[in-house]
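Visitor: Using only what follows, build the 3D model:
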Amino acid sequence: MVPRKNAGRASPFLLILLSFGFFLGTYNLLILVMHKASKSATGELTDPIISRPGDLAGGGAPKFHVALTATDAPYSKWQCRVMYYWYKKMKDEPGSDMGGFTRVLHSGSPDNLMDEIPTVVTDPLPEGLDRGYIVLNRPWAFVQWLEKATIDEDYILMAEPDHVFVNPLPNLAHGDHPAAFPFFYIKPSDHEKIIRKYYPEEKGPVTNVDPIGNSPVIIKKSILEKIAPTWMNVSLRMKDDPETDKAFGWVLEMYGYAVASALHGVRHILRKDFMLQPPWDLDIGKKFIIHYTYGCDYNMKGELTYGKIGEWRFDKRSHLRGPPPKNISLPPPGVPESVIRLVMAVNEASANLPNWETP
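Guide: Just a heads-up that it's a prediction; the model follows:
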């Protein structure tokens, strides 16, 4: 996912990409273990669900613009194509408040998806500033996009390539209160000493920092315009601080958004139904987005194999250099609905998108 600068640097790019994939695989394994422990200890997430006001339920609220941050790496591109395919299928369904769509491409130059997906190109951070942590380009991309783009909608959904819409998504925000998904591993109160480096005591208790990242979030455009520069600066400061960098690791930029929001006095409506994450979340139900960040590994009895490559598997990191094949085999009997639906969604997109095999 590191931006390509020219064809002459293909080999270093490949090495970096493969290293990135290995790092993500390790991260994925750690998160699997953490999630299993969390579920075993508590049964459910303890973050509150604040229901959507009844008079706005089922669509009819203000439209929101879908903003998808991405790079020009093959790994990012095939996921963007799947994501945009399902956006188009769900956009005009009853109950949807989706408006326009923009892929915010922070690689600095156009790519071969410009005609397929509405795209605005932004610059990556200056070389070396991200210190190898490429997602720091995300807040910087939003700062640039918000400055240069004409956005008709008053609200924005910040989304990622590995999101698949499985139900029409209404505007879950309410007025000036954004809506966000609570992540079990974002725990500001467990890191109070570190959080206080960026969120001083005079601002209020650490519990003002929501347990969220920037995605998925539906937020008023005018509020995001204020938060985005702070989000970028806080994230860069966090990366520059060894203690913070070590404590937050790959989710540092998520903490950056949470802290930046709190600094602006913004609290989010926490919606556990915003998203589901196979293989841990089993049923689709009335949830809106599949986030396929975790590998799905099963034996042929349909049993999940924690952190171990299964006899049947689907893991996006198996496809760093190009898209997965068409018509992926469905998982064995006993595998939860969420995993089946994910594979079917990828299969449907790959069957209907032209030149699927092209990186």
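
Visitor: how far away is Thr76 from Trp280?
Guide: Quick fix: residue 76 reads Ser, not Thr. 24 Å (Cβ to Cβ, to the nearest Å). (Glycine included, C-beta is placed from N, CA and C.)

Visitor: And these two? Which one has more around it.
Guide: When Ser76 is set against Trp280 and neighbours are counted by other Cβ atoms under 10 Å, the residue ahead is Ser76, at 23 against 18.

Visitor: Please identify the helix or strand for Ala345.
Guide: helix 337-352 (DSSP states H and E).

Visitor: Quick check: buried residues in that helix?
Guide: Burial within helix 337-352, assessed by neighbour count using 16 or more other Cβ atoms under 10 Å, is assigned to 338-339, 341-343, 345-347, 349-350.

Visitor: Need the contact partners of that helix.
Guide: 81-82, 85-86, 164, 166, 276, 278-279, 281-284, 290, 292, 296, 298, 314, 323-328, 330-331, 356 (Cβ atoms under 8 Å, 6 or more residues apart in numbering).

Visitor: Closest one to Ile134 out of the buried residues of helix 337-352, please.
Guide: Val346 (23.6 Å; Cβ to Cβ).

Visitor: about what we covered before: let me have the buried residues of helix 337-352 in a markdown table, extended by pLDDT and distance to Val251.
Guide: Putting the buried residues of helix 337-352 into a markdown table (pLDDT from 0 to 100; distance: Cβ to Cβ, whole Å) gives the following:
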| residue | pLDDT | distance to Val251 |
| --- | --- | --- |
| Ser338 | 98 | 22 |
| Val339 | 98 | 24 |
| Arg341 | 98 | 26 |
| Leu342 | 98 | 22 |
| Val343 | 98 | 27 |
| Ala345 | 98 | 26 |
| Val346 | 98 | 25 |
| Asn347 | 98 | 30 |
| Ala349 | 98 | 28 |
| Ser350 | 98 | 30 |
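
Visitor: Could you identify the most distant pair in those?
Guide: Going by Cβ to Cβ, the pair spanning the buried residues of helix 337-352 furthest: Ser338 and Ser350, at 19.0 Å.

Visitor: What is the neighbour count of Ile219?
Guide: Ile219 has 24 nearby residues by other Cβ under 10 Å.

Visitor: Give me the distance between the nearest residue to it once chain neighbours are set aside and Asp190.
Guide: Spatial nearest neighbour of Ile219, chain neighbours left out: Pro178 (3.7 Å); criterion: Cβ to Cβ, 6 or more residues apart in numbering. Going from Pro178 to Asp190 by Cβ to Cβ gives 23 Å.

Visitor: Which one's more surrounded, the two?
Guide: Pro178 (25 against 13).

Visitor: Now do the buried residues in stretch 280-293.
Guide: Buried residues in stretch 280-293 (16+ other Cβ under 10 Å): 280-281, 284, 287-293.

Visitor: swap in stretch 105-116?
Guide: For stretch 105-116, using 16+ other Cβ under 10 Å, the buried residues are 105-107, 111, 113, 116.

Visitor: on that earlier part again, ok, the buried residues of stretch 280-293 vs Leu304, which is closest?
Guide: Distances from Leu304 to the buried residues of stretch 280-293, taken by Cβ to Cβ, are shortest for Trp280, at 9.0 Å.

Visitor: got any ranges where the protein has weak pLDDT?
Guide: 1-59 (pLDDT under 70).

Visitor: contacting residues around the residue most central in space within the chain?
Guide: By Cα atoms, centre = their mean, the chain has its centre lying nearest to Glu160, at 3.9 Å. Residues near Glu160 by Cβ under 8 Å, 6+ apart: 68-69, 83, 215-216, 291.

Visitor: 10 Å - rerun?
Guide: Residues in contact with Glu160 (Cβ atoms under 10 Å, 6 or more residues apart in numbering) are 68-70, 76, 79-80, 83, 135, 138, 213-216, 289, 291, 293.

Visitor: Helices - which of those land there?
Guide: 76, 79-80, 83, 138 (DSSP state H).

Visitor: Quickly name whichever of those residues is closest to Ile156.
Guide: Looking across the ones in helices among the contacts of Glu160 and measuring by Cβ to Cβ, the closest to Ile156 is Arg138, at 13.4 Å.
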